[in-house]
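Student: pasting the structure only:
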């Protein structure tokens, strides 16, 4: 089974930066970051293939956020720069074990408990 634990959220002023971390256990084919703001649907932001390191970003964060992984530490990261008030949300680490469907956000069946990011 896959278990995910996020850390690193907090409050920051607009234009600032934060780095989120996600400690993972279990086998994963790919991992990603989602967020959900109050009253909005959960949004897939970035994903990375666990083996190749290939990444993908949603337009809303492209050029500002960077996803990376340390396979030795089984830790996923999200570096968030140039933060905006609209980035305020609960951020979730997620994983999929289905390599052929890593490009489908709906294949990410494992989620952490979330970490709050507030940008003012």
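Tutor: Looks like it arrived, so ask away. If you're wondering where the values come from, they're calculated on a predicted model, not measured in any experiment. Numbers count the residues shown, from 1 in each chain.

Student: neighbours of residue 91, how many?
Tutor: The number of residues packed near residue 91 is 23, by other Cβ atoms under 10 Å. For glycine as for every other residue, the C-beta is placed from the backbone atoms N, C-alpha and C.

Student: may I ask which helix or strand encompasses it?
Tutor: Assigned by DSSP states H and E, residue 91 belongs to strand 89-96.

Student: average pLDDT for that strand?
Tutor: Across strand 89-96, the average pLDDT comes to 98.

Student: again with stretch 111-120
Tutor: Averaged across stretch 111-120, the pLDDT comes to 97.

Student: what of stretch 7-19?
Tutor: For stretch 7-19, the mean confidence score works out to 97.

Student: residues in contact with the strand holding residue 91?
Tutor: Strand 89-96 is touched from outside by 2, 4-6, 9, 20, 22, 24, 26, 28-37, 40, 42-43, 76, 78, 102, 107-112, 114-117, with contacts defined as Cβ atoms under 8 Å, 6 or more residues apart in numbering.

Student: what subset of the residues you listed is buried?
Tutor: Neighbour counting with 16 or more other Cβ atoms under 10 Å marks 2, 4, 6, 9, 20, 22, 24, 28-35, 42, 76, 78, 102, 107-108, 110-112, 114-115, 117 as buried within the contacts of strand 89-96.

Student: just the ones of those residues in strands?
Tutor: 4, 6, 20, 22, 24, 30-35, 76, 78, 110-111, 115, 117 (DSSP state E).

Student: report the distance from stretch 32-48 to the chain centre.
Tutor: Stretch 32-48 has its average C-alpha position 8 Å from the chain's average C-alpha position, going by Cα atoms, centre = their mean, to the nearest Å.
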